[in-house]
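[1] Fold the following for me, if possible:
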Amino acid sequence: MIFIQLILAHLLGDFILQPNSWVADKENHKLKSPYLYYHVLIHTALSFIFLWDIKLWWVAILVGVSHFIIDACKLSFQNNLTKKRWFFIDQALHVAVIGIVSLCFNEFDFEFLKNQEFLKIIMGTLFLTTPASIFIKILLSSWTPVAEEEGSVQTESLSSAGKYIGILERLLVFTFIVVDHWEGVGFMVAAKSVFRFSDLAQAKQRKLTEYVLIGTLLSFGIAVLTGILIK
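    Sure, this is the predicted structure:
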C-alpha cells in the first residue's frame, strides 16, 4: 500500500534521520537554514526508495514539495508558546497529504464505517474520555475533600493531570477487556494503588483517602461496565 510506504518514509525522515541540531537550526534560522532543504531532500529520496516505482516519481515530488510548504509555515508562525500545538498540526497535515495521495489510488473504501463492531468500539472509546470524566466529577462533587489543617495535603500537581490519568486508565482497561485480557485490568489496579500509596500516606487525611478510593473505583467500574456492554 502506498499509504504504508509513505508513512514509513515519513517516520524515518521526520524523526529517525533528523538530528536535534537540525531542528534547532531550523527554528533559529527558519527558511535560511540549509537543514530545512536537506530535510526535504531526504523526505523526497525516502519516498522514491519506498515506492520503488519510477512511474510514481510525481508522488515523491508531491510529498517533498508539500513537506517543504508545511514545514515552512510551521517555522514561520510557531513560537515558544505554540510550539507543541504546531508540532501536532504539522504531523496531521503531513499524514493528511499522504492520505489524500492514497485516496487517489483507491486504497481506502471506508467500508469500515458500516461495521457495527467498529462503531461500537469507537462509541465506547469516546464515552470513556471526557463524558466519563464529567460523570465522575458530578458524582464526586459533594464529597470534594478540604484540607483539615495547613500543609496536611500536598497540593502541587500538573495542570489537569488527574483528568488525563483517569482517561488513560479507562482506555487501557477498556482495551484489555475488548481483547479478552482481564489480567491487564488487575495489573492496572495494582499499578494505580502503588503510585497512589505515597500520596495518601503523606496526606494523613481519611477523607482524601476515601475520596481517591471512590474516584478510582468509579473510574475502573465505568470502564469495566462499558467494556462488558460493548462485548
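[2] now do the same end-to-end measure for stretch 53-62.
    Start and end residues of stretch 53-62 are separated by 15 Å (Cα to Cα, to the nearest Å).
[3] How about Glu183: what's its closest non-neighbour residue?
    With sequence-adjacent residues excluded and distances taken as Cβ to Cβ, 6 or more residues apart in numbering, Glu183 is closest to Phe176, at 7.8 Å. For the C-beta atoms, the positions are set from N, CA and C on the backbone; glycine is no exception.
[4] Does the one you found touch Arg170 like I think?
    No: in this structure Phe176 lies outside contact range of Arg170 using Cβ atoms under 8 Å: 10.9 Å.
[5] Looking at those two, which is more packed in?
    Just comparing Phe176 and Arg170: by other Cβ atoms under 10 Å the higher neighbour count belongs to Arg170, 27 against 20.
[6] what's near enough to touch the more buried one?
    128-129, 132, 219-220, 222-223, 226 (Cβ atoms under 8 Å, 6 or more residues apart in numbering).
[7] Serialize the residues you listed to TSV and add fields for pLDDT and distance to Cys104.
    Formatted as TSV, those follow (pLDDT from 0 to 100; distance: Cβ to Cβ, whole Å):
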residue	pLDDT	distance to Cys104
Leu128	96	35
Thr129	95	33
Ala132	94	39
Ser219	93	44
Phe220	93	45
Ile222	96	42
Ala223	95	40
Thr226	96	38
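[8] average pLDDT for whatever helix or strand the residue nearest to Glu183 lives in?
    Using DSSP states H and E, Phe176 sits in helix 161-178. Helix 161-178 comes out with an average pLDDT of 92.
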